[in-house]
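**Student:** Take this sequence and fold it.
(chains A and B)
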Amino acid sequence: MSTVLDTTVPPAPHSPAASRISASWLLPLLLLLALCFIVFYPLGTIVVRAIAPGGTVDWSVWATTLKEPSLLNAVRNTALLATATTCLAVPIGVFFAWLIERTDARWGSLSRLLPVIPLLLPPVAMAIGWLFLADPRAGFIARPLVSGLQALGLPISPEHIAIQSWPGMIFLYTLWGVPHVYVIAAAAFSGLDPSLEEAARMFGKGRLRCFLGVSLPAIRHAVGSAALLCVISSIGLYSIAALIGSAARIEVLSVYIYRLLHFAYPPRTAEAVILGLLLMVLIAAMWLLQRRIASRTGHAQIGGMGVRPNLLTLGVWRWPARVLVLLYVLFTSILPLLALVIVALQPFWRPQIRLGDLSFANFAEFAASDAARAGLWNSSTLAICASTGAVLAAGLIAIIAKHLGGRREKTLGVVTKIPTAVPHIVFAIGVLIAFGFAPFHLNGTWLILLVAYLALYLPTASIATEASVQQVGNQLTEASRIFGASPIRTFRSVQLPLIMPGLAAGWASIFALALGELNAAAILSGPHNPVIGYLILSSFDNGTYSQLAAIGSLIGVVSAVAVSAVLLLGRPRFTRSASATT
Amino acid sequence: MPLPIHRRTLYAAFTLAAAAAAPAWAQGTTDVEQPAALIKAAQAEGQLMLYSSSDENQSKTLLAAFEKRYGIKGSFIRFPTGPLMQRFSTEYDAKDIHADIVSVSSPIPYEQTPDRYETLDRTVLPNLAKWPDFKVAGKYTAWTSDLVALIYNTEQLKPNEVPKTWSELADPKWKGKFLLTNPTVADNYLGWLDAIERSLGVEFLRKLAKQDTNLTQSGASGAQMVAAGSVLFNAPTFASFAAKLLEKKAPVAVQYPQEPAIVSPRNIAIVAGAPHPNAAKLYLNWLLSEEGMKLTCSISPTTLAMAPDASRGCMAVPQGVAMRFDVPEERKRMLAKELGVAR
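**Tutor:** Model (predicted):
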């Protein structure tokens, strides 16, 4: 970064510089207003419809909604799943992040990508992949495993290792949750000041104690954010629950709401909207609690900038740690993807793989289909635009918020998180009602999906960037301003590069999520603006698993290429500058 | 006594029967085309949008043939009745109509909002003249009807082992071995459940609930699980879901359980204020043409409502219980609860 030494005296407060400053705040302000509009207008529509459906306040639907007996069951199952997932995914994700970022378990910059690979498969594709692997009678792994164990004389029956069960669901949810936690924790670790850890090591603390006593508390803000994200996303996740959970009769809230909207005629939109509102309130409360806990201690330090942290040596534990990471990647991505590819090559799913039957017919059918090509194109462009837009906007907002500080910072933080509190499908209904018809008429267009995705992924982007921004000290920013750089220049030259790892992590997250997004797509996407999510739902309900597998494996490839490119681009700044100094 | 019906056998049988009865059904099989002006207008519109809850394979094949005939490109949305009508209704309420034709099993959506559909008669659909006795319901017409079926894996079950009646599903030997389609998912599965309870009583539902079955949310998905050997059979379902798998030589076959045989209709209508009204009229009339009807029946075994004989490669009207779609909410909840698919 180059800072120009200005030889003139900095201008006095009420000179033209002040108006220059306020003019350069105009663009961020407009951006903020636009974002508020796309976030609040649909939510406002939801709130109005929930409380005053016919123009007058009416609480009668609330009674109907809450009295429904199956609602309690859905809520209980959701709470259990969310808790179990978070309790498992957060420790595992943080541990892997520590292993890769702070110890010598990593090998080369490629290993940084490894734990993120699971993000490349949309949850629905991973769930289907595991179905192909773990179905007790037809799974590629489960079937030989069961016959093998039975041959050994063990009294095992196929029902014992069904993926369509509580353990199966928790397993899948955790597999899905870990990379999300990893991305946030790794970004936090990478910017951490190593001096505390080194001091701890010098005083003879063991590696694990170092991790638990020093590294972990240092990134507690990120860990808290990751845990919260895990809980919220588990509540809103539809695909795994719909495919695997329903088979096992484990009904969760997202499927319950989806059914209210989709399987009832006329649709019980009012009830869905009320549940959405209640969820919003609950999650806002959780977020405020998390913020309260996190703000007890500040921890930003400048030392970590541009300094290559000394990696903790694991010694004899190095290779076991590496194997652990590899196994994790195997389970979450390679195996399901392999299963998807095999089924994509088969004429229809069957556990016996006959080489003679394998062909690219399903891919050819996919390529020949107008809807499929359009879907892939739409999804890719939407994912790129949504992730770039959301991340830049979130980065800007996080910096503005930091600058404003205090209560305004808190308010901005809340504003950007609000869409997460509403399950994607309910938010999508709000978007449809708000923007689909008069006066915007965006129904059935690519643009309405972009609006929805920007709003829906803003929280993910803001959590990722806030964690980064919190760890960027004020000193460099202040130095830049003292030397007369405008806020925009400061943002571009000083703050943006420093929070780049967080942005890159957020971008990668959002890109992969948006590519295979299923929930909003079910509402807003159709034959005129198909996306991958719509194609997958369609294939699952109407087509063959082989077509589904073809789409799933294709997304895996597209995600892999894009995400690797971004993560590789987002990292080297520090390693390059570090090697320049050594 | 019904035997498991393999599609090829069925086809062969009916072709023979058709050939033998040729003179008898040759009357009333001359198509009545739409006026040339309408065909021209339809071609000028150039597009058609079908909202249908019928099997995707059927819509794709029919629209492709229609395009070949008239050069009008058709697309479709396929969802179960609930989501489909919900999408349609939201669009209609906002005066942003995309659908030209709507086809669902249940007559209820058509009866609840008849003003959303065009009146159908011989002026709108000239081919109706072929069946002077056939009554159109006014704003919609019955088109096909299907027997509720069971799809089984031929590698694991021999034809004589497959359940022949619905009550056999409660046999303990099937415990944990078959897949139940969640009846709360779509109205024709719910109609099946309602008809089953009326015939076999609530006790049967309770026995079925103890069978430890997994659930599937769609017939297409269920058929795949059967083909993979994950389960021995899936019910209730429809023969159309096996069509594509049979093409790929999957080890599946269709059985129509009896006592009672349950029939699900399919209705179809033209949307009032549709964006491509002439194309819609042309398409529906073409469906009633000889070409259209033969194609419909060749995709998967089905019965045509207006031509209930076993001609044109179709199935004859089955003796069975017509399912009800006006099941009250209370009863729906009770049925789901007894079957163990809802708490």
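
**Student:** got a list of what A:Thr381 touches?
**Tutor:** Applying CB atoms under 8 Å, 6 or more residues apart in numbering or on different chains to A:Thr381 gives the contacts A:Trp446. Bear in mind the C-beta positions are built from the backbone N, C-alpha and C, glycine included.

**Student:** could you say which helix or strand contains A:Gly390?
**Tutor:** For the record, residue A:390 is Ala, not Gly. Here A:Ala390 sits within helix A:370-404, counting by DSSP states H and E.

**Student:** distance of A:Ile46 from A:Ile257?
**Tutor:** Remark: distance between A:Ile46 and A:Ile257 (CB to CB, to the nearest Å) = 12 Å.

**Student:** before we move on, what about A:Gly430?
**Tutor:** Counting by CB to CB, the gap from A:Gly430 to A:Ile257 is 13 Å.

**Student:** Provide the backbone phi and psi angles at residue 338.
**Tutor:** All of this is about chain A. Main-chain torsions, A:Leu338, degrees, to the nearest 10: phi -60, psi -40.

**Student:** what's the nearest residue to it if we skip its chain neighbours?
**Tutor:** In this structure, A:Leu338 finds its nearest non-sequential neighbour in A:Gly129, 7.9 Å apart by CB to CB, 6 or more residues apart in numbering or on different chains.

**Student:** before we move on, what about A:Thr445?
**Tutor:** Nearest non-adjacent residue to A:Thr445, counting by CB to CB, 6+ apart: A:Asn529, 5.8 Å away.

**Student:** which residues in chain B form helices?
**Tutor:** B:7-20, B:22-26, B:36-45, B:56-70, B:81-93, B:108-112, B:187-209, B:219-228, B:240-247, B:277-287, B:290-299, B:329-339 (DSSP state H).

**Student:** Least reliable of the ones you listed by average pLDDT, please.
**Tutor:** Within those, the stretch with the lowest mean pLDDT is helix B:22-26, showing a mean of 42.

**Student:** Secondary structure element holding A:Pro501?
**Tutor:** Going by DSSP H and E, A:Pro501 is part of helix A:496-515.

**Student:** still on that earlier bit, for the helix or strand just after the helix holding A:Ala390, which helices and strands make contact with it?
**Tutor:** For helix A:370-404, the following helix or strand on the C-terminal side (DSSP H and E) is helix A:406-417. Here helix A:406-417 is seen to pack against helix A:26-51, helix A:269-294, helix A:370-404, helix A:446-471 when contacts are counted using 3 or more CB pairs under 8 Å, 6 or more residues apart in numbering or on different chains; DSSP states H and E.

**Student:** what packs against the helix or strand following helix A:406-417?
**Tutor:** Using DSSP H and E, the helix or strand that follows helix A:406-417 towards the C-terminus is helix A:424-435. If contacts are counted by 3+ CB pairs under 8 Å, 6+ apart, helix A:424-435 sits against helix A:26-51, helix A:253-262, helix A:269-294, helix A:446-471, helix A:519-524.

**Student:** Centre of the chain to stretch A:335-353, how far?
**Tutor:** Computed by CA atoms, centre = their mean, to the nearest Å, the chain-centroid distance of stretch A:335-353 equals 27 Å.

**Student:** what's the average pLDDT for that stretch?
**Tutor:** Mean pLDDT, computed over stretch A:335-353, is 88.

**Student:** returning to what we had before: which residues are common contacts for A:Ile46 and A:Ile257?
**Tutor:** Contact criterion CB under 8 Å, 6+ apart; residues shared by A:Ile46 and A:Ile257: A:Gly276, A:Val426.

**Student:** ok, now how distant is the nearest residue to B:Tyr140 once chain neighbours are set aside from chain A?
**Tutor:** Excluding its sequence neighbours, the residue lying closest to B:Tyr140 (CB to CB, 6+ apart) is B:Ala269, at 3.6 Å. Distance, B:Ala269 to chain A, by CB to the nearest CB, to the nearest Å: 15 Å.

**Student:** ok, B:Ala269 - how many residues close by?
**Tutor:** Residues lying near B:Ala269 (other CB atoms under 10 Å in any protein chain shown) number 27.

**Student:** for it, which residues make a bridge with it?
**Tutor:** Legend: beta-bridge partners of B:Ala269 under DSSP bridges are B:Val102.

**Student:** Name the helix or strand for the closest residue to chain B within the stretch 351-500 of chain A, please.
**Tutor:** Taking CB to the nearest CB, chain B has its nearest neighbour within the stretch 351-500 of chain A at A:Phe437, 3.7 Å off. A:Phe437 is part of no helix or strand when elements are defined by DSSP H and E.

**Student:** Tell me how many other residues crowd residue 100.
**Tutor:** Defaulting to chain A. Look at A:Ile100: counted by other CB under 10 Å, it has 25 neighbours.

**Student:** ah, no, chain B please
**Tutor:** 24.

**Student:** Near chain B, which residues of the stretch 301-450 of chain A? Just list them.
**Tutor:** With the criterion set to CB under 8 Å from any CB of the partner chain, the stretch 301-450 of chain A comes near chain B through A:347-351, A:371, A:432, A:436-438, A:441, A:443-444.

**Student:** What mean pLDDT does the helix holding A:Ala390 get?
**Tutor:** What helix A:370-404 shows for mean pLDDT is 86.

**Student:** returning to what we had before: dump the residue contacts of the residue of the stretch 351-500 of chain A closest to chain B.
**Tutor:** Contact analysis of A:Phe437 by CB under 8 Å, 6+ apart lists A:Asn443, B:Ala94, B:Lys95, B:Asp96.

**Student:** what do you get if the cut-off is 7 Å, keeping everything else the same?
**Tutor:** By CB atoms under 7 Å, 6 or more residues apart in numbering or on different chains, the residues touching A:Phe437 are A:Asn443, B:Ala94, B:Asp96.

**Student:** and what of B:Ser240?
**Tutor:** By CB under 7 Å, 6+ apart, the residues touching B:Ser240 are B:Asp55, B:Asn57, B:Gln58, B:Ser300.

**Student:** pretty sure the first one is touching B:Ala239, no?
**Tutor:** Think B:Asp55. No - between B:Asp55 and B:Ala239 there is no contact under CB atoms under 7 Å: 9.4 Å.

**Student:** These two: who's more crowded?
**Tutor:** Taking other CB under 10 Å, B:Asp55 and B:Ala239 do not tie; B:Ala239 has more neighbours (27 against 24).

**Student:** Apart from its chain neighbours, what residue comes closest to the more buried one?
**Tutor:** For B:Ala239, ignoring the flanking residues on the chain, the nearest one in space by CB to CB, 6+ apart is B:Val254 at 4.6 Å.

**Student:** wait, doesn't that neighbour sit right on B:Phe241?
**Tutor:** No - when contacts are counted by CB under 7 Å, B:Val254 is not listed as touching B:Phe241 (9.0 Å).

**Student:** Around chain A, pick out the residues from the stretch 151-300 of chain B.
**Tutor:** B:176, B:182, B:185, B:214-218, B:220-221, B:224, B:227-230, B:244-245, B:248, B:250 (CB under 7 Å from any CB of the partner chain).

**Student:** Can you tell me which of these are buried?
**Tutor:** B:182, B:185, B:214-218, B:220-221, B:224, B:227-230, B:244-245, B:250 (16 or more other CB atoms under 10 Å in any protein chain shown).

**Student:** So the nearest residue to A:Ala134 once chain neighbours are set aside: helix, strand or coil?
**Tutor:** Counting by CB to CB, 6+ apart, A:Ala134 lies nearest to A:Ile163, which is 3.9 Å off, once chain neighbours are set aside. Here A:Ile163 is recorded as coil under DSSP: H, G, I helix; E, B strand; the rest coil.
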